[in-house]
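Peer 1: what follows is a predicted structure for the sequence shown.
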Amino acid sequence: MRVLIAGATGAIGRPLVQRLLRRGHEVAALARSDARAAELTAAGVEAHVCDVFDAASVRAAVAAAAPEVLVHQLTAIPAHVDLRHYERDFAPTERLRREATPHLMAAAAAAGVRRVVCQSVSFMTVPEGPSVHDEDARIFTDNTTQLGPLVRATAAMEASVLGTPGVDGVVLRYGFFYGPGTAYGPGGGTAQEVAKRRFPIAGRGTGVASFVHVDDAAEATVLAVEGTPSGVFNVCDDAPEQLREWLPALAAAMGAPPPRAVPVLLARWLVGPHVVHFSTALRGNSNARFKQAFRWEPAHPSWRTGFPEVFAGS
Ligand SMILES: NC(=O)c1ccc[n+]([C@@H]2O[C@H](COP(=O)([O-])OP(=O)(O)OC[C@H]3O[C@@H](n4cnc5c(N)ncnc54)[C@H](OP(=O)(O)O)[C@@H]3O)[C@@H](O)[C@H]2O)c1
């Protein structure tokens, strides 16, 4: 199968490319510079240089690549996100989601691309009802904290992917990535914050997170590329858990001191209400729909064993 990837050089793009090549697919990628294109070519990938913010440039690149399936993994997240400046740090990703996605979808439709698989996130539902949400939970678009702009841009991206006539849209809402090359991996930005005890448990720490090992996310994406079901799917591990459980476990796996506990009011002032939301209100996410539709089982079913494995020897 001919597969074109936008975002082939990111945390998930790299393991995804390796897997697709191993499975015998012809892999092409969009690149934003000649240097990146040369790297991709050396890795056995057909590179097409374009500007994702220029509709004509994207249309020409997608037409030249002529893929059956397009995979959208574009983000522009700093290696080290500053929680106090979340809105600033995620603004480039918002722009990609809002502006580049319609260009990719229009180009896909024009080139007769059958299927588009797009990266989204699971951790953006309204904090109401059960502690674990499925894909039908309401999206928190009226969030008034620093999270709001990213949630709204992500919802707009999903609508574009799912609403392009003639193209089967597949939205993969990944949980929090952990593993090599991610924020929650050795040397990663969040891991460094945890090591310095700058990632607190705000309030009671009852907010629930769903993680996914980045290699499992890549494997799931291969299944989504090769399969036929379309729509929205959470791609998470089997173990949604409260922050007051997973954060000390992460620190222990890293050999770091335990996290500090900080009252809500102080955390709100120190880092902001969006961080308090993650710590006290966030819901986890069920992976049942994806498992059933694509017959997927994560190789790392729980962060409980995954964190120690990832940080062993680091
Ligand atoms: N669900 C999650 O938890 C989640 C999801 C995504 C990312 N993250 C985290 O975010 C951090 C950074 O992610 P990342 O390593 O994937 O890097 P990234 O900087 O977000 O880049 C991802 C991909 O998008 C491409 N890209 C970015 N801006 C572009 C633009 N303007 N035009 C064309 N392509 C563009 C990058 O290409 P270049 O190589 O040219 O930069 C790369 O291939 C990591 O710590 C990761 O764990 C977490």
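Peer 2: Ah, there it is. Residues are numbered from 1 along each chain as shown.
Peer 1: which residue packs closest to Glu135, ignoring adjacent ones?
Peer 2: Once flanking residues are discounted, Glu135 sits nearest to Val232: 4.6 Å by C-beta to C-beta, 6 or more residues apart in numbering. C-beta coordinates here come from the backbone N, C-alpha and C atoms, glycine included.
Peer 1: now do the SS call for the one you found.
Peer 2: strand (DSSP: H, G, I helix; E, B strand; the rest coil).
Peer 1: mind exporting the longest helix belonging to the chain as CSV, just the C-alpha atoms?
Peer 2: Criterion DSSP state H: the longest helix present in the chain is helix 148-162. Only the C-alpha atoms of helix 148-162 are listed here, as CSV (Å, rounded to 0.1, in the frame of the first residue of the first chain):
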residue,chain,number,x,y,z
GLY,A,148,-9.3,26.1,25.7
PRO,A,149,-7.6,27.2,22.5
LEU,A,150,-6.0,23.8,22.0
VAL,A,151,-9.2,21.9,22.6
ARG,A,152,-11.1,24.1,20.2
ALA,A,153,-8.4,23.8,17.5
THR,A,154,-8.3,20.0,18.0
ALA,A,155,-12.1,19.8,17.7
ALA,A,156,-11.9,21.8,14.4
MET,A,157,-9.2,19.4,13.1
GLU,A,158,-11.4,16.4,13.9
ALA,A,159,-14.4,18.0,12.1
SER,A,160,-12.3,18.6,9.0
VAL,A,161,-11.0,15.0,9.0
LEU,A,162,-14.4,13.5,9.5
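Peer 1: all helices for the stretch 51-200 of the chain, in order.
Peer 2: Taking DSSP state H, counting those that start in this stretch as the test, the helices found in the stretch 51-200 of the chain are 55-65, 86-95, 101-110, 148-162, 189-195.
Peer 1: mind putting those helices in JSON lines, mean pLDDT, mean neighbour count and distance to Leu265 included?
Peer 2: Below are these laid out as JSON lines (pLDDT from 0 to 100; neighbours: other C-beta atoms under 10 Å; distance: least, C-beta to C-beta, whole Å):
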{"stretch": "helix 55-65", "mean pLDDT": "98", "mean neighbour count": "19", "distance to Leu265": "47"}
{"stretch": "helix 86-95", "mean pLDDT": "95", "mean neighbour count": "17", "distance to Leu265": "19"}
{"stretch": "helix 101-110", "mean pLDDT": "98", "mean neighbour count": "22", "distance to Leu265": "38"}
{"stretch": "helix 148-162", "mean pLDDT": "97", "mean neighbour count": "20", "distance to Leu265": "21"}
{"stretch": "helix 189-195", "mean pLDDT": "96", "mean neighbour count": "19", "distance to Leu265": "21"}
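Peer 1: so which of those helices gets nearest Ala312?
Peer 2: Ala312 lies closest to helix 189-195 among these, at 13.6 Å (C-beta to C-beta).
Peer 1: so the closest residue to Ala43 other than its chain neighbours, which state does it fall into?
Peer 2: Counting by C-beta to C-beta, 6+ apart, Val17 is the residue found nearest to Ala43 once chain neighbours are left out, at 6.6 Å. Each residue gets one of three states, and Val17 gets helix by three-state DSSP.
Peer 1: neighbours of Val17, just the number please.
Peer 2: Residues lying near Val17 (other C-beta atoms under 10 Å) number 24.
Peer 1: can you tell me how far it is from Ala159?
Peer 2: Val17 is 27 Å from Ala159, where distance means C-beta to C-beta, to the nearest Å.
Peer 1: around the ligand, which positions in the stretch 51-200 of the chain sit nearby?
Peer 2: 52, 74-77, 79, 96, 121, 174, 176-177, 182-183, 188-189 (C-beta under 6 Å from any ligand atom).
Peer 1: one more time with 5 Å
Peer 2: When proximity is defined as C-beta under 5 Å from any ligand atom, the stretch 51-200 of the chain approaches the ligand at 52, 74-77, 174, 176-177, 182-183.
Peer 1: now the strands for the stretch 1-150 of the chain?
Peer 2: Assigned by DSSP state E, counting those that start in this stretch, the stretch 1-150 of the chain shows strands spanning 2-6, 26-31, 46-49, 69-72, 115-121, 132-133.
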